[in-house]
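1. The following block contains a protein sequence and its predicted model.
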Amino acid sequence: MKTSINCAELFQARVGSRVRQQRRRQFLALAAAAVPSLPLGALPQAAEAQTVRPYSTPGSGGSTTVVPVGGPLQLKVRRLPDAVEVVVEGVGETPQLQQSTRGPAWEGLLFTARPTSLRSGPQRIGLPEAGFASISLDGAGSGYRIQVTPLQGAAVPRPVVSADGRDLILSFAVPTNPQLQTMTPSVTTPGRVSDPSFVPPLQPRAVAPPVGDIAVGTMMLANPSYLNISGPPVTMTLRNAPAKDALMALSQMGGYGFVYVDEPGNSGSASAANAAAAVSRPLSIAFRNENYARALNSALLAAGLQGKREGNMILAGPNVLSKTFGSTMSKVFRLNQVSAGSAADYLANLGATVTKVNTITTAVTEGANQNNAIAGAPNAATTQSTTTTNVETYGASQGPLRGLLGTTDSRLETITLVGDPKVVAIAENYLRQLDLRQRQVALSVRILDVTLDNDTSIENSFAFRYGNNFIVNDRGELQGAFGSLLPPQPDGSIFDFNGIAAGLPPLRNPGQAYTRNNFYDLIRASIESRSTKVLASPTLILSDNPAILRSGNDQGIITQGLSSGGSDSSSSSSSAGSSDARIGRTRANEAYVTVGEQVITAYEATAGQNGAPTTCTPEFSVSGLTFGARVNKIDDNGFVTFSISPTISATTRTQEVPQCGPIDILSIRSLDSGSARVRDGQTLIMTGVISDLDSQLVKKWPILGDLPLVGQFFRDTQGQRRKRELVILVTPRILRDDQGGAFGYGYQPSTPQTRDFLRQAGS
């Protein structure tokens, strides 16, 4: 219910009148009822802004109100390091606050339990250092307004409201102002601007990662053990009756013949024991006008037997579903994608009986043990090999494919199924869902090896002669000759002062070839910049099949070795190419690329005996690019999970190995990405493999080379900076087989005649 009150009539009367005071209290009570109040217990969830005003203030468009003073209410502001607390003292118990936001400002309507007044009239406090332009409190009676206005360009956050039974406390969070941090680092003490630590806020709640769509293949299976027969209603009560007798009585009641089919097998076998237990299991049933089919199937279920109808006869037994009077069906399926062995194992887990042939080769060594044989003695050991072939039959005891027989052919990747036509049809539906194409992805890789070289050189050389004195500055190196003669040198050099040769005549000062009192200067300054970019763009097509690649002798043969010396031995070897990639090509979902040349990086030295020379066997490594990739998963939502391992090596220098020869020292940069998941068509950029070399060589005169400005004429400066960075860009693109209609993928016939023709041709 809405209440309409004329505010102008209420506030035009004098304050001292008792009638006007009574009407004012009525107005405030009605305004409090019209505005939805919010108790302090629910203050963290602020209500919406309201337009009801329980009073008018000067300058707001209404009439001027004389507010009484001398009450207990007073506004105070407390400044904290990270917050500003606005305290309204004297509100009493159970105050109510309605808060709203008007633009950047915050406004709250406070309603007290009893009428009161302000202690010193309306208050207004400014706090610009905390980001608040003004904080004001005004009102009278039971309704008051608290308004917080921020500085221009800022906003006021919603406060945390609390009360202690006497005061109302509003806590406003104050954002920390960014501070400019500067410092003046010196040459001797390089400074660093301190980076303040920042802890990111926690999430409001735990969030699970997104879940993609899942492809589901649904197939409804009928219960093969259920007998759908008709007969009269059954009223029967049996207690601890033999199962065979109870089933026979039910069959005769419906007018059917009954045959119990026992499970053939040895008397001590587990199947025979289970069959005997099922026959001897007592039944306790009580039927009253029960449906005949339901009563018979309940008895079969209680006895743990299977039932089957053949004409007007009911067959019951432990495994009667695999036996029939009629013809059985045999189908040979040539699989395209899934292997025959994997499909057979899948069907065996569903209850089918699968037969496989295993070949075991046993090698027996007779004679001396090779580990204890004398070096150079003739080998007296003989080895005999024996090959044993056995047939293995396996399958689960429960499942919808019980009674189905199957075998495989690894050469043609075919699986042959023999059994009831209904069971064969169920197995065919399973094979159609298994024999799906494995997705393939094309990994487009771009590898950039960026090299930036910047060499700077400033050289100053000069010479001058003053009388018989000759001073030379040779690129920062001081050389001088004083007098007309120099000490003799053995090799005839001029400025070699390592020693004085006795008995040799002195040499003339080379400065006498220059004219007197002349100055000669030579300045060299150069800046040399080089940039090199090595680009490789291999494209690898991989599938997510993690199967191990078969070698030439991998035919499913198990080899065992036995030595008569008392020790067994076994060995295996595989050839995976001559790759140095960290991700080798041992599985079908891996690939590698090698581009470069073989260089000698080490020698294996073997010392010769009896004066023979040392034999050095070189070891080679690849100088260039080696890139390996592995695809772990291609899901149905368009994401590719892969890992890459690129390695770039280059020859930096050579080193001499005594008695063998030179070897190349390689600079190697490699990256192992780990497992990364990228959407189809997106590009993953990996960088950060950076090597930065900054060197500077300074040759100078003592004292003079340290002088400012003038000192550069007495020193030689050479700077070298090399920066190398490895950038890798990987873009996976899933190959869509169903988009190649011209190649037979995804062809949909448009006419019924074409569909019938293709169906007949494929049958």
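-> On my side now, so go ahead.
2. part of a strand, is residue 245?
-> No: using DSSP: H, G, I helix; E, B strand; the rest coil, the secondary structure at residue 245 is helix, not a strand.
3. Contacts only, for the residue nearest the centre of the chain.
-> Centroid-nearest residue in the chain: residue 676, 5.1 Å away (criterion: C-alpha atoms, centre = their mean). Going by C-beta atoms under 8 Å, 6 or more residues apart in numbering, residue 676 touches 641, 642, 643, 684. Any C-beta I mention is one placed from the backbone N, CA and C, and that applies to glycine too.
4. Neighbouring strands of the helix or strand encompassing residue 698 in the sheet, and parallel or not?
-> Using DSSP states H and E, residue 698 sits within strand 684-700. Within its sheet, strand 684-700 is paired with strand 715-735 (antiparallel), according to DSSP bridges.
5. CA atoms only: put the strand it pairs with into PDB for me.
-> Taking C-alpha atoms only, strand 715-735 is exported to PDB below (Å, rounded to 0.1, in the frame of the first residue of the first chain):
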ATOM      1  CA  ARG A 715      92.900   4.800 -24.300                       C
ATOM      2  CA  ASP A 716      91.500   2.200 -26.600                       C
ATOM      3  CA  THR A 717      87.900   1.000 -26.100                       C
ATOM      4  CA  GLN A 718      86.400  -2.000 -27.800                       C
ATOM      5  CA  GLY A 719      82.800  -3.200 -27.000                       C
ATOM      6  CA  GLN A 720      81.100  -6.300 -28.100                       C
ATOM      7  CA  ARG A 721      77.400  -7.200 -27.500                       C
ATOM      8  CA  ARG A 722      75.700 -10.300 -28.700                       C
ATOM      9  CA  LYS A 723      72.100 -11.200 -28.100                       C
ATOM     10  CA  ARG A 724      70.500 -14.400 -29.300                       C
ATOM     11  CA  GLU A 725      66.900 -15.400 -28.800                       C
ATOM     12  CA  LEU A 726      65.000 -18.500 -29.800                       C
ATOM     13  CA  VAL A 727      61.300 -18.000 -30.700                       C
ATOM     14  CA  ILE A 728      59.000 -20.900 -31.500                       C
ATOM     15  CA  LEU A 729      55.500 -20.600 -33.000                       C
ATOM     16  CA  VAL A 730      53.300 -23.700 -33.100                       C
ATOM     17  CA  THR A 731      49.900 -23.800 -34.800                       C
ATOM     18  CA  PRO A 732      47.900 -27.100 -34.700                       C
ATOM     19  CA  ARG A 733      45.300 -27.600 -37.400                       C
ATOM     20  CA  ILE A 734      43.100 -30.700 -37.100                       C
ATOM     21  CA  LEU A 735      42.600 -32.500 -40.400                       C
END
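6. from now on call the first residue 16
-> Right, with 16 as the first residue, what we last looked at is strand 730-750.
7. Name the next helix or strand downstream of that strand, please.
-> Following strand 730-750 toward the C-terminus (DSSP H and E): helix 767-777.
8. Now do the contacts for the nearest residue to residue 683 once chain neighbours are set aside.
-> In this structure, residue 683 finds its nearest non-sequential neighbour in residue 664, 4.5 Å apart by C-beta to C-beta, 6 or more residues apart in numbering. Counting by C-beta under 8 Å, 6+ apart, residue 664 makes contact with 611, 636, 637, 638, 639, 641, 681, 682, 683, 684.
9. Which one of these is nearest to residue 459?
-> residue 641 (18.1 Å; C-beta to C-beta).
10. check which helix or strand covers the closest one.
-> Taking DSSP H and E as the criterion, residue 641 maps to strand 630-649.
11. check contacts around residue 539.
-> 472, 473, 474, 475, 476 are the contacts of residue 539 under C-beta under 8 Å, 6+ apart.
12. Could you double-check that the third one sits in contact with residue 490?
-> By that I understand residue 474. Yes: counting by C-beta atoms under 8 Å, residue 490 is a contact partner of residue 474 at 4.9 Å.
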